[in-house]
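Enquirer: no sequence on this one, just coordinates:
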């Protein structure tokens, strides 16, 4: 995927099981972030920060979508527990993560496994990739995305 190319299309279930598609957000900026797991410390902090700043993104005509391999039921519990306001989608078969190139071989404590590489994509109202962040560190990330959105909208 290159900046300026069409963002890969997808439809995935939200926490209630309703299918949400990228095309549903045509005409809006989309902050699409992939995260490894509901309720882990970094993922919780990232989701809470995006939720807290959601009004600022909405003022910029942007919606925020978080995707992980967790089930819709897991997303429901995660959202309720932390009062999350962002849209969470379930990619249990990691097909969308693979389209975006974030399903990676990871290593931890000498063990290898496949999982999500924390990444964020900023998609234009026309469905084009405007910016991407790979191997995201949570601290300061939401502010960086918001600043990039503000700059690109000028």
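Expert: Done, it's in. This structure is a prediction, so every number in the text was calculated from the model and none was measured.
Enquirer: from the centroid of the protein, which residue is nearest?
Expert: Closest to where the C-alpha atoms of the chain average out (Cα atoms, centre = their mean) is residue 33, at 1.8 Å.
Enquirer: strands of the protein, start to end?
Expert: Ranges of strands in the chain, per DSSP state E, are 11-13, 19-21, 29-34, 62-68, 87-90, 103-108, 111-116, 119-123, 129-133.
Enquirer: looking at the protein, which residue lies furthest from center?
Expert: Distance to the chain centre peaks in the chain at residue 110, reaching 27.8 Å (criterion: Cα atoms, centre = their mean).
Enquirer: residue contacts, that one?
Expert: Residues near residue 110 by Cβ atoms under 8 Å, 6 or more residues apart in numbering: none. Every C-beta, even on glycine, is put in place using the N, C-alpha and C of the backbone.
Enquirer: which residue, other than its chain neighbours, is closest to residue 119?
Expert: Spatial nearest neighbour of residue 119, excluding adjacent residues (Cβ to Cβ, 6 or more residues apart in numbering): residue 102 at 4.5 Å.
Enquirer: quick check: residue 18 vs residue 7, distance?
Expert: 21 Å (Cβ to Cβ, to the nearest Å).
Enquirer: so which of these two has more stuff around it?
Expert: With neighbours defined as other Cβ atoms under 10 Å, residue 18 and residue 7 compare such that residue 7 has more, 21 against 10.
Enquirer: let me know the pLDDT of that one.
Expert: Residue 7 carries a pLDDT value of 97.
Enquirer: what is the burial count for the residue lying closest to residue 9 once chain neighbours are set aside?
Expert: Spatial nearest neighbour of residue 9, excluding adjacent residues (Cβ to Cβ, 6+ apart): residue 22 at 5.3 Å. Other residues near residue 22 come to 19 when the count uses other Cβ under 10 Å.
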